[in-house]
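Undergrad: Turn this into a structure:
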Amino acid sequence: AVVSTQSTGTSDVQIIKQAVSEMYASGGGDYPECMTDGLFEAVRLNWRPTAAKSVILISDAPCHGLPSGAMGGDGFPNGCPCGYHWHVQASNMKEMGITCYTVGCGVIDEVETVYMSIANVTKGLYVSLSNTENLIPLITGAAESAIDRQRIAELLLDEIDDRVEEIQRLVNTTDAEVDVEQNLIRILTEGLKKKNVKVRILNLEQGTLGVSFVPVSNVDVALALSDLRRT
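TA: Model prediction:
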């Protein structure tokens, strides 16, 4: 049986609409779904090194191997068919710079905790789909946030050039008590803030998903630095 399929990436909206219209659910029988296999495949997509990597996971069931799966039977009680744990795949996504936004459709607390953990590990956001109007802002917001991350990476290159002597002194320090990485992030963040650099963040207010512009943070800079080091 086919657990997962991959589609070639495209910017053609009509091709995307056609692919979505042809999606359907069939088979199954037990309550859990092969959610971990989806994360497994996301890690192994042919991502461009400089791509803005975002994934949206939408599900109404737990992955295989959770205690809650026994509520409706679990055909794979030891975990999803890919043979890996969901948390391992979430960690792999983080290492690759893939942000995962998770959407739970009427799920129980234990399953919601898993979705929240995946989003937290990958610096994404969990949304309970009690309000379907949140889905479109989530998709567009995820794309815009990923583009912001690319923009921050480009600005960092300029900031590093502007502060090359200060950074060189930091890197060459012999003081064992100095955390070079954290101080580097602090220096670069302060520089971008002085230039009034802002990023978009997704936020939930009274059940409605929106986008806010906030000053760049240490977390934004740390993620962008990781992206630069991977390229």
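Undergrad: And the helices in this structure?
TA: For the chain, applying DSSP state H gives helices covering 13-21, 35-43, 86-96, 109-121, 135-162, 164-171, 180-194, 218-230.
Undergrad: Now render these as TSV, adding distance to Val55 and mean pLDDT.
TA: All C-beta atoms are positioned from the backbone trio N, CA, C, and that covers glycine. Listed next are the helices of the chain as TSV, based on distance: least, C-beta to C-beta, whole Å; pLDDT from 0 to 100:
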stretch	distance to Val55	mean pLDDT
helix 13-21	15	85
helix 35-43	5	89
helix 86-96	7	91
helix 109-121	10	88
helix 135-162	8	89
helix 164-171	33	90
helix 180-194	25	93
helix 218-230	15	88
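Undergrad: Point out the most buried one among those helices.
TA: Of those, the one with the most neighbours on average (mean count of other C-beta atoms under 10 Å) is helix 35-43, at a mean of 22.
Undergrad: angle of that one against helix 86-96?
TA: 20 degrees (axes from the mean of the first three to the mean of the last three C-alpha atoms, to 10 degrees).
Undergrad: I'd guessed Arg149 sits against Ala52; true?
TA: Yes. Judged on C-beta atoms under 8 Å, Arg149 makes contact with Ala52 at a distance of 6.3 Å.
Undergrad: Distance-wise, check Arg163 relative to Glu144.
TA: According to C-beta to C-beta, to the nearest Å, Arg163 and Glu144 sit 28 Å apart.
Undergrad: Nearest residue to Ile58 in space, ignoring adjacent ones along the chain?
TA: Using C-beta to C-beta, 6 or more residues apart in numbering and skipping residues adjacent in sequence, the residue nearest Ile58 is Val103, 4.3 Å away.
Undergrad: just checking, the one you found touches Met35?
TA: No. Look at Val103 against Met35 with C-beta under 8 Å: they stay out of range, at 11.7 Å.
Undergrad: so what sits against both of those two?
TA: 57, 59 (C-beta atoms under 8 Å, 6 or more residues apart in numbering).
Undergrad: Please name the residues that touch Thr122.
TA: 90, 93-94, 98-100.
Undergrad: Leu204 too?
TA: By C-beta under 8 Å, 6+ apart, the neighbours of Leu204 are 125, 127, 134, 210.
Undergrad: Quickly note the distance from the third one to Met23.
TA: Looking back up the chat, that one is Asn134. 20 Å.
Undergrad: Ok, the second one next?
TA: When distances are taken as C-beta to C-beta, Val127 and Met23 turn out to be 20 Å apart.
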